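Novice: Okay, sequence plus prediction incoming.
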Amino acid sequence: MSTYNRFTNQTDNYFNIEDILASHEKVPCTLEQQLYRLGFLNQGNDSEHIMPGTKMELPYWLATGLCSKKRKIVRIDLPKSYKKGYREILTADANVVDLHKMGPYFYAFGSKLLSFEHQESEDISVALLETFIGRFRRIMDNSQNAYNQDTSKLTEKLDEMERSLFRAGQHSLNSFQEWETRRMTKIAASEMVSSHRKRKRAVLDEGD
């Protein structure tokens, strides 16, 4: 399976708040057909209609309905965070990039953009995967070496999916630390086992 297919093999999750928020990210579009009596939707437009060639930014959930195999009402352009120049920055050193500033749902929104038949879709999918791989180890290392510390500085440049991974790493570390600090304590039988032994002893005593 190609990198493109790995990322596009997904469905919208309407029960996931992060997926819903990602679908509201804006997509630059150019209108290819006239939209009658919808001029009020385009700020600064004095006409009653929206004319072909008009550039607009639409939320992904709307853009995907206007640009599909069935209809081509708008032409999709890439948000700047996914264009070649930004992809080259990520390729050079993904770890130094403030991914949260580029988009709090950088991976989720980027994956959604692959649903459009854009000529750079394959390059975007490769960039998403390589960026994730390049940043994953540092994220997990930081999560494992920040016990009882303020982690705001470590997570401020992470997108929301990376922050979830960081929290998972922290939870794993905290669970291990809790286990480790209790390992020298005396192991005692549970109350249920103790009660069972007492009843068994009482039965044996009655038999005597």
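Specialist: Perfect, I can see it now.
Novice: Pull the contacting residues for the residue nearest the centre of the chain.
Specialist: In the chain, the centroid-proximal residue (Cα atoms, centre = their mean) is M161; its distance is 3.5 Å. Each residue near M161 by Cβ atoms under 8 Å, 6 or more residues apart in numbering is listed here: E18, Y105, F106, Y107, A108. Placement of C-beta: from N, CA and C, glycine included.
Novice: Show the average pLDDT along the one helix or strand I133 maps to.
Specialist: For I133, the enclosing helix or strand under DSSP states H and E is helix 121-144. Confidence over helix 121-144 (mean pLDDT, whole number) is 95.
Novice: How far off centre is whichever helix or strand comes after that helix?
Specialist: Using DSSP H and E, the helix or strand that follows helix 121-144 in sequence is helix 152-155. Relative to its parent chain, helix 152-155 has a centroid offset of 17 Å by Cα atoms, centre = their mean, to the nearest Å.
Novice: ok, and what's touching helix 152-155?
Specialist: Under Cβ under 8 Å, 6+ apart, the answer for helix 152-155 is N142, S143, A146, E162, R163, F166.
Novice: Mind listing what's buried along the helix or strand that comes right after it?
Specialist: Along the chain past helix 152-155, the next helix or strand (assigned with DSSP H and E) turns out to be helix 160-182. Within helix 160-182, the residues that count as buried by 16 or more other Cβ atoms under 10 Å are E160, M161, E162, R163, L165, F166, G169, Q170, L173.
Novice: Pick the one among these closest to E48.
Specialist: E48 has its nearest neighbour among the buried residues of helix 160-182 in E160, at 40.1 Å by Cβ to Cβ.
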